[in-house]
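K.L.:
What shape does this take:
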Amino acid sequence: MVLVFDIFSDMAMFRKSYTTTSQVSYAFSPPTAVAGLVAALVGIDHQAGHGCRQAAYWDQLSGARIAIGLKNPVRWLSTAVNLIKFKTPNGNMGEHIQSKHQLVKKPAYRIYISGGEIYTKLKYRLERNEFVFTPYLGAAYALADVVYIGEYPEIIINEDHTWVNTIVPLYNGVKLDVKKSKEIHRELVPFQMNSERELINTVSVVYPEIKKDLPCGTIGNAYSGLACIWLKEKGELKVSQVGEERVSWFARW
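P.N.:
I've put the predicted structure just below:
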């Protein structure tokens, strides 16, 4: 079974690690950010009170896997943010700089999750719309709303030539039908960390350029509401039918 929920906000900021004061964002929530989001909804204490590098929730995410779909076109907002320097010897908080920030405008994502011990706890919270910690998209000022879509059975897709409605991790043997997919983008994203916030794995992914007037995959006569990418060969990528959508899974944590 697969849990499906949507999350959206007025803005999002998923900072790329190589940026410092001037911050650049990923276009979507990378798997590491989804892990933190799920932990927040369920209410897993990351133990940061015992050290700023703690991320204890990773231990409880073992065995789970996710997929991420884009629901809105990716739009960017560039702005300047006042950063106040408050750790001065004389306590003067008037000293500040203006930092450039790149934000995602009106983001909306569909998250799929299956497996792992976290599944039952997350289902309990989603069904009741009761979350322990406030959900946000990347930064604390990007408060988000969560809408539970439902729980669906999973049907394995065996054929190689297929379409998917989610971001595609480029595992071994994956071949894209670029011509049929139209516009796509490629990105290297963080995939998994350990309980000390050390990056363990990254993965290259591709995601579609969303065109609201161009639905792609069909099931019967019903159009999927998400954009899609077409595959020539799946290779090691796992693809499943979940409701009316086809999902390409990230590896299990």
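K.L.:
tell me the contacts of residue 2?
P.N.:
Residues near residue 2 by Cβ atoms under 8 Å, 6 or more residues apart in numbering: 112, 113, 114, 151, 152, 153, 154, 240, 242, 247. The way it works is simple: take the backbone N, C-alpha and C, and place the C-beta from them, glycine included.
K.L.:
Can you give me every residue that contacts the nearest residue to residue 171 once chain neighbours are set aside?
P.N.:
Nearest residue to residue 171, sequence neighbours excluded (Cβ to Cβ, 6 or more residues apart in numbering): residue 236, at 4.2 Å. By Cβ under 8 Å, 6+ apart, the residues touching residue 236 are 171, 172, 173, 174.
K.L.:
Mind checking which of those residues are buried?
P.N.:
The neighbour-count test (16 or more other Cβ atoms under 10 Å) marks 171, 174 as buried among these.
K.L.:
What is the nearest of the contacts of residue 236 to residue 194?
P.N.:
Nearest to residue 194 among the contacts of residue 236: residue 171, at 21.3 Å, using Cβ to Cβ.
K.L.:
need the contact list for that closest one.
P.N.:
203, 235, 236, 237, 251.
K.L.:
export the contacts of residue 2 to a markdown table and tack on neighbour count, distance to residue 58 and pLDDT?
P.N.:
What follows is the contacts of residue 2, written out as a markdown table (neighbours: other Cβ atoms under 10 Å; distance: Cβ to Cβ, whole Å; pLDDT from 0 to 100):
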| residue | neighbour count | distance to residue 58 | pLDDT |
| --- | --- | --- | --- |
| 112 | 27 | 19 | 98 |
| 113 | 22 | 15 | 97 |
| 114 | 22 | 18 | 96 |
| 151 | 16 | 24 | 96 |
| 152 | 19 | 26 | 96 |
| 153 | 10 | 28 | 96 |
| 154 | 16 | 24 | 96 |
| 240 | 20 | 24 | 96 |
| 242 | 26 | 25 | 95 |
| 247 | 28 | 23 | 95 |
